[in-house]
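Asks: based on what follows, work out the 3D shape:
(one chain, ligands or ions: 1)
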Amino acid sequence: MTSAPKPAPRTSETATGAVPWWRHAVIYQVYPRSWADGNADGVGDLPGITRRLPYLRDLGVDAIWISPFYVSPMADAGYDVADYRQVDPVFGTLEDADALIATAHDLGLRVIVDLVPNHTSDQHEWFQEALVGGPGSPERERYMFREGAGDGSEPPNNWRSVFGGPAWTRVTEADGSPGQWYLHIFDVTQPDLNWERTEVREMFHDVLRFWLDRGVDGFRVDVAHGLVKEAGLPDVDHQPHLLESDSGHVRHPMWDQDGVHEVYRGWREVLDSYNPDGDPDADRILVAEAWVEPLERLADYTRADEMHQAFNFPFLECPWQADDLREVVTRSMEVAHDVGAPTTWVLSNHDVVRHASRLGLPVGRRRPNGIGLEDPQPNAVLGLRRARAATALMLALPGSAYLYQGEELGLPEHTALPDAVRQDPAWFRSEHTERGRDGCRIPMPWEAGATAYGFGDTWDTWLPQPEVYGALAADRQAGVDGSTLELYRALLRLRHDDHLGAGDLEWVEGYGEDTVALRVRGADGRAVVVLTHLGDQPLPLPLPEGAQVLVSTHPLVDDALPTDTTVWLRG
Ligand code: NOJ
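Replies: All right, here's what the predicted structure looks like:
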């Protein structure tokens, strides 16, 4: 094992002193199956990621978060982990992981890995032991086994899995008789762990240390709100939807139980022990994936002795309407401020329809879980235009921002993916009523003229790429004025140079209801005025005296800001 050196500091020194890196970092999500294929098997891998890291340095992000690359039968694309301390052969080896971390650090990029503590794979040795151990055995206690209801042939309660179907599966005991039931909030292959057990807690402390010792800078914590269930596992009268905040409902007994916070306090101690001097550049961080509402409950995960950040899904879910945007930004900042945490912002990830397509759907409709050929199609031009405007708004905001691979190319969702190639368990468990997440997980296009658009040396990629990805390949956009790639590069450069992420926000009056207008004063005092115009008619822009356009997501027309455009002004 090589212990990677810590990354070179990037932005922390400002006029206001040293700010810990994660309070303002831009973190780029790499989905390893779909980033770059180094060995021509049609699936991305760690050497592929390492080779493409300079692209991310040039893009101007501070860190990468890599979705799971551990040993897994891949029933949920790696979110079903069979060995937390080994790299799956499809992605490479532990040495490849070390090389990736070292290269990233040399380039000034931090590395966050994914941790999946709510469930293991059914192929994990613990679950196999639990099956053999039988009812009442200590091995079974590591998971959520229960007797069935009635004569034992009914599930213990009425919970449904997030992916559809019952959340319980009955096992066959060693003697061949129908046996106990185990809980799986997700797929049948993802049994939930029993977080009441000390052994489970200790195992994850060891896993944290294993990766911290290899030099990682933090963990994205999968289903952080799910580990602890309400005592007694009571029946519910509403069922969870796939990866949606629990808005408008009483809390589901499988989510956001108070007992979960103790787990994260323990983890924080482990992470802090790796930075005993409190060096702001050496913090290792935890970020919660928690679909929790209201925002106050989400903020609880980021109290000073718990996680550093939590994904701000209410921002991602916000309708494209000026008053909703103002409200979600204000509330996000308020609740984060109350617990002393930075706000985060995110628009896309591997679980949701890409925002270049999502924002091309009619406003106010429920967010679909995937889009297929027979479904209403998004307006691609409108979607991309709004996506650019939304991103330019997001990247001006104080706090930390998350980008999902390919959004900097303006990649749309693959909405014409044949159902026959779908792999998401949600598609199968929902009995083909939810298309699922494959459409946002398509392999990246790097070079328009190359095999698989430069993803790797075979066209036989694990999910097929749509033709439109060729025209959007990175090499087609690099250096091209007005391209989405150059827009992202410009925004990230300005954000970095002006220390906007560590700055303050104030709302600006006088632009009308349909315009989100704000001023962000960066950490060293320079200000940027940001206008996102959503109105039907162009907004005439007598620019403030001496104001200068720094960047605009769409050209101004006769000094007016067109619909669905964001402009950054110096002034
Ligand atoms: C959230 C992950 O982001 C998603 O991809 C996965 O299916 C579930 N958690 C289950 O691990």
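Asks: list the contacts for L403?
Replies: By C-beta atoms under 8 Å, 6 or more residues apart in numbering, the contact set of L403 is V26, I27, Y28, Q29, V61, S348, Y488. For glycine as for every other residue, the C-beta is placed from the backbone atoms N, C-alpha and C.
Asks: make it 7 Å
Replies: Going by C-beta atoms under 7 Å, 6 or more residues apart in numbering, L403 touches V26, Y28, Q29, V61.
Asks: farthest pair within those residues?
Replies: The distance between the two most remote of these (C-beta to C-beta) is 11.0 Å, for V26 and Q29.
Asks: isn't E139 up against L131?
Replies: No - counting by C-beta atoms under 7 Å, E139 stays clear of L131, with 8.4 Å between them.
Asks: between these two, which is the more surrounded one?
Replies: Taking neighbours as other C-beta atoms under 10 Å, E139 and L131 compare with L131 leading, 21 against 17.
Asks: for the more buried one, which three-state class applies?
Replies: Per DSSP: H, G, I helix; E, B strand; the rest coil, the secondary structure class of L131 is helix.
Asks: ignoring the adjacent residues along the chain, who's closest to it?
Replies: The shortest distance from L131 to any non-neighbouring residue, by C-beta to C-beta, 6 or more residues apart in numbering, is to V171 (6.1 Å).
Asks: let me know the secondary structure of that neighbour.
Replies: At V171, secondary structure determined by three-state DSSP is strand.
Asks: for whichever residue of the stretch 401-550 of the chain sits closest to the ligand, give me its contacts.
Replies: Here the residue of the stretch 401-550 of the chain nearest the ligand is R437; by C-beta to the nearest ligand atom that distance is 6.8 Å. By C-beta under 7 Å, 6+ apart, the contact set of R437 is H350, D351, G370, D424, A426.
Asks: one more time with 6 Å, if that's ok
Replies: Contact partners of R437, counting by C-beta atoms under 6 Å, 6 or more residues apart in numbering, are D351, G370, D424.
Asks: how many neighbours does the first one have?
Replies: Counted with other C-beta under 10 Å, the neighbours of D351 add up to 20.
Asks: again with the second one
Replies: The local packing of G370 (other C-beta under 10 Å) involves 24 other residues.
Asks: pLDDT value on the closest residue in space to it that isn't next to it in sequence, please?
Replies: Spatial nearest neighbour of G370, chain neighbours left out: R435 (3.1 Å); criterion: C-beta to C-beta, 6+ apart. Per-residue pLDDT puts R435 at 95.
Asks: also A523?
Replies: 84.
Asks: that one against L500, yeah?
Replies: No - A523 is not in contact with L500 according to C-beta atoms under 6 Å; the separation is 8.1 Å.
Asks: part of a helix, is A392?
Replies: Yes - looking at A392 with three-state DSSP, it is inside a helix.
Asks: can you check the pLDDT for P276?
Replies: We note a pLDDT of 96 for P276 in this prediction.
Asks: what's the answer for P7, then?
Replies: Note on P7: pLDDT of 51.
Asks: how about the contacts made by the residue in the chain positioned nearest to the ligand?
Replies: As assessed by C-beta to the nearest ligand atom, the ligand sits closest to Y79 within the chain, at 3.4 Å. Applying C-beta under 6 Å, 6+ apart to Y79 gives the contacts P68, V116.
Asks: which SS class is it?
Replies: coil.
Asks: and for L53?
Replies: Classified using three-state DSSP, L53 is helix.
Asks: ok, so what distance separates it from G218?
Replies: According to C-beta to C-beta, to the nearest Å, L53 and G218 sit 17 Å apart.
Asks: more crowded one of these two?
Replies: G218 (26 against 19).
Asks: got the contact list for the closest residue in space to the more buried one that isn't next to it in sequence?
Replies: Of all residues not flanking G218 in the chain, I285 sits nearest, at 3.6 Å (C-beta to C-beta, 6+ apart). Shown in contact with I285 (C-beta under 6 Å, 6+ apart): W22, G218, H308.
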